[in-house]
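**Student:** Sequence first, predicted coordinates after that:
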Amino acid sequence: MIDISPIREDLLKAQKNEITEHLIYNQLANRQTDRRNRVTLQKISGEEYQHYEFWREYTGVELKPRRLKIWFYLLIARLFGLTFGVKLMELGEETAQINYQKIQEYIPSAKKIIEDEDSHEKALINIIEEERLSYVGSIVLGLNDALVELTGTLAGLSFALQNNRLIAVVGLITGIAAALSMAASEYLSKRSEGKHDRALRSSLYTGIAYIGTVFLLVIPFFLLPMYQIALPVTLGVGLLIILVFNFYISVAKDYNFLHRFGEMAAISLGVAFVSFIIGFVIRSVFGVDV
């Protein structure tokens, strides 16, 4: 008989995680209309329950799931998509304070369970298909263009006009016009590539991402009294958008978060700085006084 007392706490944590994730995957599977995704999630759910039973053989106790964790990840999956919700949960599992290396020393057969968690389940998660992720390129196009173009435009207008309401109105008109133009360009681009079935949706994702970013960047100029305050707030909002979006993509698509965030932030702030200088030059040369 194995003395599990040195690893009992880790076993109980692992067992509780398994029954909790079993129920999360099961409930996610029940919500799916896509048969392939439903079958994949049911398979993972079944494996999680097998792991739960494996740990139960050693602990000898039945454990209840973490209801709050179930509610949280079901909500995340509903709001941000199935893939993001599932991968965020697996990311949390990787950081869980469970000493699996120590468990293997006492229970060598646990190696198979741990390998399943590390490889097989991740492979199954990667075959989940989700519409919104297939249009990530279109979303990136709208989001990135809006951030680069509008932060630059607002920075240039700030010094050239120095009137918050005027800056906001001009920025909003410019942004909406650019969003419609970008959406139309994306539509024509997909059509020219022969992707007729994706053209309309790609253009919608691009346009919505662009317009949503425009409104978030312009709002500070409507709400705050001075451009000296509104512009830094707008740049902060831009950085926050970049941060949130790249975190989402890094989790959902397994991208390098720091690299993508640094790249987008540097481009957006660089363009804003250059545009601010251009605004200063134009105001000085043409004597603009609003």
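**Tutor:** Right, received. Where do you want to start? Keep in mind that what you see is a predicted model, and the values were worked out from it rather than measured. Numbering: from 1, shown residues only.

**Student:** avg pLDDT for whichever strand or helix holds A77?
**Tutor:** Remark: A77 resides in helix 67-80, with elements defined by DSSP states H and E. The average pLDDT within helix 67-80 is 91.

**Student:** so after that helix, what's the next helix or strand?
**Tutor:** Where DSSP H and E defines the elements, the next helix or strand beyond helix 67-80 is helix 82-94.

**Student:** What would that following helix look like as CSV? C-alpha coordinates only.
**Tutor:** Extracted in CSV, the C-alpha atoms of helix 82-94 (Å, rounded to 0.1, in the frame of the first residue of the first chain):
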residue,chain,number,x,y,z
LEU,A,82,-15.3,28.7,-26.8
THR,A,83,-11.7,28.5,-27.8
PHE,A,84,-10.6,31.4,-25.6
GLY,A,85,-12.6,30.1,-22.6
VAL,A,86,-11.2,26.6,-22.9
LYS,A,87,-7.6,27.7,-23.5
LEU,A,88,-7.7,30.2,-20.7
MET,A,89,-8.9,27.4,-18.4
GLU,A,90,-6.0,25.1,-19.5
LEU,A,91,-3.6,28.0,-19.0
GLY,A,92,-4.9,28.3,-15.4
GLU,A,93,-4.4,24.6,-15.0
GLU,A,94,-0.7,24.9,-16.0
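
**Student:** helices or strands up against that helix?
**Tutor:** helix 8-31, helix 67-80, helix 121-125, helix 227-253 (3 or more CB pairs under 8 Å, 6 or more residues apart in numbering; DSSP states H and E). Quick note: C-beta positions are derived from backbone N, CA and C, even for glycine.

**Student:** closest one to G171 among those?
**Tutor:** helix 227-253 (9.0 Å; CB to CB).

**Student:** List the buried residues of that closest one.
**Tutor:** Across helix 227-253, burial judged by 16 or more other CB atoms under 10 Å covers 227, 230-231, 234-235, 237-239, 241-242, 245-246, 248-252.

**Student:** And stretch 159-177, by the same measure?
**Tutor:** In stretch 159-177, the ones that count as buried by 16+ other CB under 10 Å are 159-162, 164, 167-168, 170-172, 174-176.

**Student:** for stretch 34-46, same thing?
**Tutor:** For stretch 34-46, by 16+ other CB under 10 Å, it's 37, 40-42, 44-45.

**Student:** Format the residues you listed as CSV; extra columns: secondary structure, pLDDT and distance to S275.
**Tutor:** Shown next, in CSV, are the buried residues of stretch 34-46 (DSSP: H, G, I helix; E, B strand; the rest coil; pLDDT from 0 to 100; distance: CB to CB, whole Å):
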residue, secondary structure, pLDDT, distance to S275
N37, helix, 84, 44
T40, helix, 86, 47
L41, helix, 88, 47
Q42, helix, 90, 53
I44, helix, 87, 49
S45, helix, 90, 52
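
**Student:** Not counting sequence-adjacent ones, nearest residue to the residue nearest the centre of the chain?
**Tutor:** Centroid-nearest residue in the chain: Y248, 1.2 Å away (criterion: CA atoms, centre = their mean). Of all residues not flanking Y248 in the chain, F84 sits nearest, at 6.1 Å (CB to CB, 6 or more residues apart in numbering).

**Student:** Next, count neighbours for the one you found.
**Tutor:** Applying other CB atoms under 10 Å, we find 21 residues neighbouring F84.

**Student:** where's it relative to L28, distance?
**Tutor:** Computed with CB to CB, to the nearest Å, the distance linking F84 and L28 is 12 Å.

**Student:** joint contacts of the two?
**Tutor:** Taking CB atoms under 8 Å, 6 or more residues apart in numbering as the contact rule, F84 and L28 both touch A77.

**Student:** Show me the shaky parts of this protein.
**Tutor:** By pLDDT under 70, the low-scoring segments of the chain are 1-2, 93-97, 117-124, 127, 129-134, 196, 279-280, 282-290.
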